[in-house]
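S.K.: Dropping a prediction and its sequence here:
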Amino acid sequence: MTLTAQDRKDAAEHAQRRWDFHRQRGTVDQIVADDMDGMEAIRRGLLGEYECQHVFGSTVDVELRAGGDGGQDFFLHLRVADHPVRFRVDVKTSSFEGDRDLTWLLVRKHKIEKQVIYIHGQYISKSDDVELQGWAWGVELIRRNEIRVLTSKGIENYSMPVTECRSIDELLARIVYVPTPEEVEARRGFVGEDRGHLVHYCHCGKWGFHGHEVDTRKGKLGVWFCGEHKPAD
Ligand SMILES: [Zn+2]
């Protein structure tokens, strides 16, 4: 656990701002847990996000979310079939500090997305820290179909015991380095060898999935395009 005093200060300030934002819009009811003050719930969630930034370091991509409450979205690039693919990460910080066997990763049923990485963050009240304890793909939670209702509001959650989640080490091992803007610039349209691997990028700097006029046996490396820039046939 690596949270700093500055993280805690930022989390408290942001929580206040988000709380006010939701209160003004009348959306507070969606975020308040039964047994916890709403603003505190937001603050703990933010600590989970900050912990994520520490654990994944420069490999995490952070974007401001539309909506005006200062919320952020996180992304990691994972290697899938030998290509880096960007996935959204959602940290679910839990304040239940009981038996580990009774601790679940929980994702609201009506909000779950198949290709999102859901991470269980455990809030630890003694030290005001969050420990990342495991993760699962949205699609794994949906397939498991173990529904839990943990509050009086009757909100349904997909669940998985933390003991059955994938390990954070597995996630760290699968993360692909995220390039800096300068590196993206250098990659534009590059097709060739990089540290012993054949790499092929689109003219925009993203990974090229679609190769044209490629015949590697004849040394023809072709031109490559990302999904967005693939020319129509
Ligand atoms: Zn492109």
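M.R.: That came through, no problem.
S.K.: what's the following helix or strand after the longest helix anywhere in the chain?
M.R.: Secondary structure of the chain per DSSP state H: the longest helix is helix 5-25. Sequence-wise, the next helix or strand downstream of helix 5-25 (DSSP states H and E) is helix 38-56.
S.K.: Could you give the number of residues near the residue lying closest to residue 8 once chain neighbours are set aside?
M.R.: Closest residue to residue 8 apart from its sequence neighbours, by CB to CB, 6 or more residues apart in numbering: residue 128 at 6.4 Å. (Glycine included, C-beta is placed from N, CA and C.) By other CB atoms under 10 Å, the residues close to residue 128 number 15.
S.K.: my guess is residue 128 meets residue 43, correct?
M.R.: No. Between residue 128 and residue 43 there is no contact under CB atoms under 8 Å: 9.5 Å.
S.K.: Which of the helices or strands spans residue 2?
M.R.: Short version, using DSSP H and E: residue 2 is in no helix or strand.
S.K.: how about it, what does it touch?
M.R.: Neighbour list for residue 2: 51, 54, 55 [criterion: CB atoms under 8 Å, 6 or more residues apart in numbering].
S.K.: gap between the nearest residue in space to the last one that is not next to it in sequence and the ion?
M.R.: Okay, so that is residue 55. In space, and not counting its chain neighbours, residue 55 is closest to residue 132: 5.7 Å by CB to CB, 6+ apart. For residue 132, the distance to the ion equals 33 Å [CB to the ion, to the nearest Å].
S.K.: doesn't residue 59 make contact with residue 177?
M.R.: Yes. Using CB under 8 Å, residue 177 is in contact with residue 59, at 6.2 Å.
S.K.: returning to what we had before: output the contacts of residue 2 as JSON lines; include the columns distance to residue 221, pLDDT and neighbour count.
M.R.: Putting those into JSON lines (distance: CB to CB, whole Å; pLDDT from 0 to 100; neighbours: other CB atoms under 10 Å) gives the following:
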{"residue": "51", "distance to residue 221": "42", "pLDDT": "90", "neighbour count": "24"}
{"residue": "54", "distance to residue 221": "39", "pLDDT": "81", "neighbour count": "15"}
{"residue": "55", "distance to residue 221": "37", "pLDDT": "85", "neighbour count": "20"}
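S.K.: Could you chop this protein up by domain?
M.R.: Structurally, the chain divides into domains by automatic domain parsing as follows: 5-174, 181-225.
S.K.: before we move on, what SS does residue 131 have?
M.R.: Following DSSP: H, G, I helix; E, B strand; the rest coil, the label given to residue 131 is strand.
S.K.: List the contacts of stretch 136-146.
M.R.: Here stretch 136-146 makes contact (CB under 8 Å, 6+ apart) with 105, 107, 112-118, 158-160, 165-166.
S.K.: where does the most centrally placed residue in the chain land in three-state SS?
M.R.: Taking CA atoms, centre = their mean, the centroid of the chain lies closest to residue 89, which sits 1.0 Å from it. What three-state DSSP gives for residue 89 is strand.
S.K.: How about it: what's its closest non-neighbour residue?
M.R.: In space, residue 89 is closest to residue 74, 4.2 Å off (CB to CB, 6+ apart).
S.K.: Doesn't the one you found belong to a strand?
M.R.: Yes. Read with three-state DSSP, residue 74 is one of the residues of a strand.
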